[in-house]
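Asker: Got a sequence here, can you build the structure:
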Amino acid sequence: THTIIDGYFAFTLDITTNHTTVTNFTIQLTTPTRGEGIRIDASHTTFTNNIITMPKDRIRIAGNHNTITHNTINGTYLFLYGTNNTITHNTITNTNYGLYLTDCHNNTITNNTFTHCGLLINDPQAYHNTITNNTVNTKPLLYLENQSNLTLTTPAGQIILTTCHHITIQHQNLTNTTVGIQLWQTHHCHLTDSHLTGNLFGAYITGNNNTILNTTITTNQNGIYLKGSTNTFSHNTISDNNQGLYLSYSNHNTLHANTLQSNREGITLDFSSILNNLTNNTITNASLAINCLSGSTNTLISGNTITNNNDGINLTYSNNNAILDNTITQGRNHAITITTSKDTIITNNTITQTPLAGILLIQDNRTRIEHNTISANKEGITVRDSAQTKIENNIIINNTNTGITLSTNSTMIHANIIEHNSYGITIHGHT
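Answerer: Now for the predicted structure:
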């Protein structure tokens, strides 16, 4: 029989004494909270044959030389932050993480069964771990470290590559786990012709010169998360994710000819992502199709078809970006919004059927709006509190309210065709 420990708040069990054995307990939490329900801060602990049900909490293993074996773990996960631990023959069922590795090495992780969850690495110091004979949703958890020049086609439940290079992954169907495919500090690898479905992360990539081609990535919390440079994602179908493509501190990447449908956000560039190319993608039914934030500069946004989204393209605190040759139509708010940014070029775009502004500038400097066709919106171009804006050679027609509205200083308007709007140009203040 099991002794029941029924916790109320975090730290239901905190082990700080070495050489402790915890066995045959049922450890549960009456009121789910977000914290650490169990902490093992000691070494040489044996934690075995326990049943743990602690939704939203986690089991933190920060000591060394501990053994975690033959436990049934429901609704929570193991957070490993130590060395020379053994985690074996556990059954872990959760809806996000199963085993989270951070700043840990020389651990042995074998013969565990993960259901609706799996492994995630989130620290450069998580290395030299032995991870073998585990399963995710009854299929093998494939973990490779320091490997190269392989082709992986055998069906897996999850694939984790750490410090690998020149590996090809083909024909996988990775579903309902923490991350379908993780490339951790891994370079020159290729994922093709696969399906990543219903995961916390479809693909989680920290590395350079990797490619994802012809892959379907759907109903994940995060479709693709990238932190790296010179990667190429092309001809993929990315749909019904919370976040379609998210780039953080990522430079010189190419996102080309992907189809993004019904994601909350289509493509997001964040935290100083520089010199990325977003070209010829089709983005539909997103809350926000393309979002450049926090110093994401020198981005080329070109040739994209952006239809039926709440908002089309948004730039915030992002300079020197170019928005060229896109078609943005049938949105529900604004087509292009530029806020607190500098030196944006908006050229040769077709912007139609937007119920607010085709182009909205707020507190921008030196924006150039040239050779665009802006028609059948409520407002054509609206400029607020911006400086040195140039609006030249555009066709601005059939907008239901005003062709150009200015509430700003130092705007140049030249050689535009402004016809069949309710008002041509409306000026508030000095321009």
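Asker: When you work out contacts or count neighbours from here on, use the C-alpha atoms and nothing else.
Answerer: Fine.
Asker: Quick check: which ranges of the stretch 51-200 of the chain have low pLDDT?
Answerer: Within the stretch 51-200 of the chain, no stretch has pLDDT under 70.
Asker: go again using 80 as the cut-off
Answerer: 56 (pLDDT under 80).
Asker: how about stretch 309-324 as CSV, C-alpha atoms only?
Answerer: Provided in CSV are the C-alpha atoms of stretch 309-324 (Å, rounded to 0.1, in the frame of the first residue of the first chain):
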residue,chain,number,x,y,z
ASN,A,309,-6.0,38.3,-41.5
ASN,A,310,-6.9,40.7,-38.7
ASP,A,311,-3.7,42.7,-39.3
GLY,A,312,-1.3,42.3,-42.2
ILE,A,313,2.2,43.5,-41.5
ASN,A,314,3.3,45.2,-38.2
LEU,A,315,6.7,46.8,-37.5
THR,A,316,7.5,48.1,-34.0
TYR,A,317,10.8,49.5,-32.9
SER,A,318,12.3,48.0,-36.1
ASN,A,319,14.5,50.0,-38.5
ASN,A,320,15.7,49.7,-42.2
ASN,A,321,13.0,47.2,-43.3
ALA,A,322,11.7,46.9,-46.8
ILE,A,323,8.1,45.9,-47.6
LEU,A,324,8.0,45.2,-51.4
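Asker: so for it, what's the average pLDDT?
Answerer: Averaging pLDDT along stretch 309-324 gives 98.
Asker: buried sites along that stretch?
Answerer: 309-324 (16 or more other CA atoms under 10 Å).
Asker: what does stretch 375-382 give?
Answerer: For stretch 375-382, by 16+ other CA under 10 Å, it's 375-382.
Asker: ok, back up a step: from the buried residues of stretch 309-324, which land in strands?
Answerer: 311-316, 322-324 (DSSP state E).
Asker: of the buried residues of stretch 375-382, closest to residue 265?
Answerer: Nearest to residue 265 among these: residue 377, at 22.5 Å, using CA to CA.
Asker: surely that closest one meets residue 359?
Answerer: No: the pair residue 377 and residue 359 does not pass the contact test of CA atoms under 8 Å, sitting 9.8 Å apart.
Asker: who's in contact with stretch 51-59?
Answerer: If you take CA atoms under 8 Å, 6 or more residues apart in numbering as the criterion, stretch 51-59 is touched by 10, 24-29, 32-40, 71-79.
Asker: Would you list the buried entries among the residues you listed?
Answerer: Using 16+ other CA under 10 Å, the buried ones in the contacts of stretch 51-59 are 10, 25-29, 32-33, 35-40, 71-79.
Asker: Show the contacting residues for the residue lying closest to residue 318 once chain neighbours are set aside.
Answerer: Computed as CA to CA, 6 or more residues apart in numbering, the closest residue to residue 318 that is not its neighbour in sequence is residue 295, at 4.5 Å. Counting by CA under 8 Å, 6+ apart, residue 295 makes contact with 270-274, 316-319.
Asker: next one: residue 340
Answerer: 316-318, 362-365.
Asker: if we go to 7 Å?
Answerer: For residue 340, the contact set (CA atoms under 7 Å, 6 or more residues apart in numbering) comprises 316-317, 362-364.
Asker: sorry, back to before: of the ones in strands among the buried residues of stretch 309-324, just say which sits nearest to residue 289.
Answerer: Nearest to residue 289 among those, with distances taken as CA to CA, is residue 312, at 5.0 Å.
Asker: burial count for residue 138?
Answerer: 12 (other CA atoms under 10 Å).
Asker: Sorry, wrong one. I was asking about residue 106.
Answerer: 17.
Asker: can you check residue 132 too?
Answerer: Neighbour tally, residue 132, other CA under 10 Å: 17.
Asker: so it makes contact with residue 110?
Answerer: Yes: the pair residue 132 / residue 110 is scored as a contact, 5.0 Å apart, by CA atoms under 7 Å.
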